[in-house]
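> quick one: sequence and predicted model below, then my questions.
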Protein chains: 2
Amino acid sequence: MLFFTQCFGAVLDLIHLRFQHYKAKRVFSAAGQLVCVVNPTHSLKYAPTRCAAAQASPEPGILPPCHHHEAVHDPQLVPCTCPLFSCPWEGHLEVVVSHLRQTHRISILQGAEIVFLATDMHLPAPTDWIIMHSCLGHQFLLVLRKQEKYEGHPQFFATMMLIGTPTQANNFTYRLELNRNQRRLKWEATPRSILECVDSVISDGDCLVLNTSLAQLFSDNGSLAIGIAITTSKVHSSEAEM
Amino acid sequence: MLFFTQCFGAVLDLIHLRFQHYKAKRVFSAAGQLVCVVNPTHSLKYAPTRCAAAQASPEPGILPPCHHHEAVHDPQLVPCTCPLFSCPWEGHLEVVVSHLRQTHRISILQGAEIVFLATDMHLPAPTDWIIMHSCLGHQFLLVLRKQEKYEGHPQFFATMMLIGTPTQANNFTYRLELNRNQRRLKWEATPRSILECVDSVISDGDCLVLNTSLAQLFSDNGSLAIGIAITTSKVHSSEAEM
């Protein structure tokens, strides 16, 4: 009897480990994953943006650091968070997603793991590739930006923002993964809240940064595939603070 | 009988999966790992190097691309591979390690996973942090270099070279991992052979690249901890080709 109990325990352990093993070993592969082709948008907002307008104007042509959460005095209303355009819209955080979809036509994808396929990487800076990602009951905004921080030397910056508060953002971890030609680059971090301006995240360099030569190594025919996964980093019982 | 055979198979599968699971799940953690403090060396070789001398001289002050394996005509002799100094030494590949240890005083560490703790990251470019790593029956050279590819904008480049031939290097995968402040950056690639010049790997950007702001995010009191792991990527029956 003891032998059968042990066998049964071993089989259960086996099933559990097989699941854990494949979960841990799971590697980005386009096969079987949702691949979203994202076309570039030439960024139009190189006039001071709404989030910059609240601050002292810096040199023209240089994107200023900006902190939405400091500029917003009414906690019920947030300005438009679209990083592409200067937009006079403001509204509640709950309707930001529908505003981004309807007004700025940003696509939204479902799934814990998706592949973001950015096309036409050769286009000159400034260029943005943007998509929304719906996962674990929340919406995230993925921004890939080609920008010349140093004149004549474009770099690529990729980050993920939660369309929610900073406290909610702390509950998640996002992973961006590039995988090609026997090379793999992974970036894992806590997403920032959309209430913090994406421009400040990129100017701080607190994101996945690729110089042109690395971007070319990971690109295939001018397209860059970024595997995206979001996990819960901790469980908050009082998550619904919005 | 069939039942016992199945049970035995399941137990074997269990042992294999448990091993694979922990191997896949293993995450860099300083606790319990060999931490090696590596002091910086201000690079002295900004005159054309031995590997550059075989090629047309480019602008002074800019490190030229160089390919040792093209310049070496006698396959039995290789020049000194130390990235720090111009050195007239040449010898067999088997004695490169003892030359690096004895003449250039580069330390050697044993272990599949080590932590490379580079101190004084604030020192001006060009600066190198170098160590040898003995693992899986081979020796590897880890080079972290602070260099100004674009004037006034120092970057950090980290790569691993096998002290062996390119064919031997293809059998391995190295991983460099930075982990601090809820951020993680991993770079995985096949090591290059020491017969290819480290300068060309860095100028191609085919390595872990950090700009100053990312390096600061991962640094603690001016020191940067890089977790290093080496694995075998495939098994060659005729590995001993040296």
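Noted; the coordinates are in hand.
> tell me the average confidence for the strand or helix carrying A:Asp199?
Here A:Asp199, judged by DSSP states H and E, is contained in helix A:198-204. Average pLDDT, helix A:198-204: 86.
> close to chain B, is that helix?
Yes. Judged by C-beta under 8 Å from any C-beta of the partner chain, helix A:198-204 comes into contact with chain B at A:Asp204. C-beta here means a position set from N, CA and C on the backbone, and glycine is covered the same way.
> just checking, what packs against that helix?
strand A:138-150, strand A:153-162 (3 or more C-beta pairs under 8 Å, 6 or more residues apart in numbering or on different chains; DSSP states H and E).
> would you list those in TSV and tack on distance to B:Thr231, mean neighbour count and mean pLDDT?
Formatted as TSV, the helices and strands packed on helix A:198-204 follow (distance: least, C-beta to C-beta, whole Å; neighbours: other C-beta atoms under 10 Å in any protein chain shown; pLDDT from 0 to 100):
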stretch	distance to B:Thr231	mean neighbour count	mean pLDDT
strand A:138-150	30	21	91
strand A:153-162	27	22	93
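> turn the ones you listed into a markdown table, including distance to B:Cys197.
Listed next are these as a markdown table, based on distance: least, C-beta to C-beta, whole Å:
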| stretch | distance to B:Cys197 |
| --- | --- |
| strand A:138-150 | 26 |
| strand A:153-162 | 23 |
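> what about the residue nearest to A:Val35 when sequence neighbours are not counted, distance to A:Leu34?
Using C-beta to C-beta, 6 or more residues apart in numbering or on different chains and skipping residues adjacent in sequence, the residue nearest A:Val35 is A:Val115, 4.4 Å away. Here A:Val115 is placed at a distance of 7 Å from A:Leu34 (C-beta to C-beta, to the nearest Å).
> so which of those two has more stuff around it?
A:Val115 (20 against 15; other C-beta atoms under 10 Å in any protein chain shown).
> list the neighbouring strands of whichever strand or helix holds the more buried one plus their orientation.
Element membership of A:Val115 [criterion: DSSP H and E] is strand A:113-118. Its sheet considered, strand A:113-118 pairs with strand A:34-38 (parallel), strand A:223-232 (antiparallel) by DSSP bridges.
> tilt between the shortest one and strand A:138-150?
Taking axes from the mean of the first three to the mean of the last three C-alpha atoms, to 10 degrees, one finds strand A:34-38 and strand A:138-150 inclined to each other by 40 degrees.
> contact partners of strand A:34-38?
Contact with strand A:34-38 is made by A:107, A:109-111, A:113-119, A:129-131, A:144, A:223, A:225, as judged by C-beta atoms under 8 Å, 6 or more residues apart in numbering or on different chains.
> list every C-alpha atom in it, with coordinates, as PDB.
Extracted C-alpha coordinates of strand A:34-38, given in PDB (Å, rounded to 0.1, in the frame of the first residue of the first chain):
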ATOM      1  CA  LEU A  34       0.000  35.800 -30.900                       C
ATOM      2  CA  VAL A  35       2.200  38.000 -33.200                       C
ATOM      3  CA  CYS A  36       1.100  41.500 -33.700                       C
ATOM      4  CA  VAL A  37       2.600  43.500 -36.500                       C
ATOM      5  CA  VAL A  38       3.000  47.100 -35.400                       C
END
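> which positions in that strand come out as buried?
Within strand A:34-38, the residues scored as buried using 16 or more other C-beta atoms under 10 Å in any protein chain shown are A:Cys36, A:Val38.
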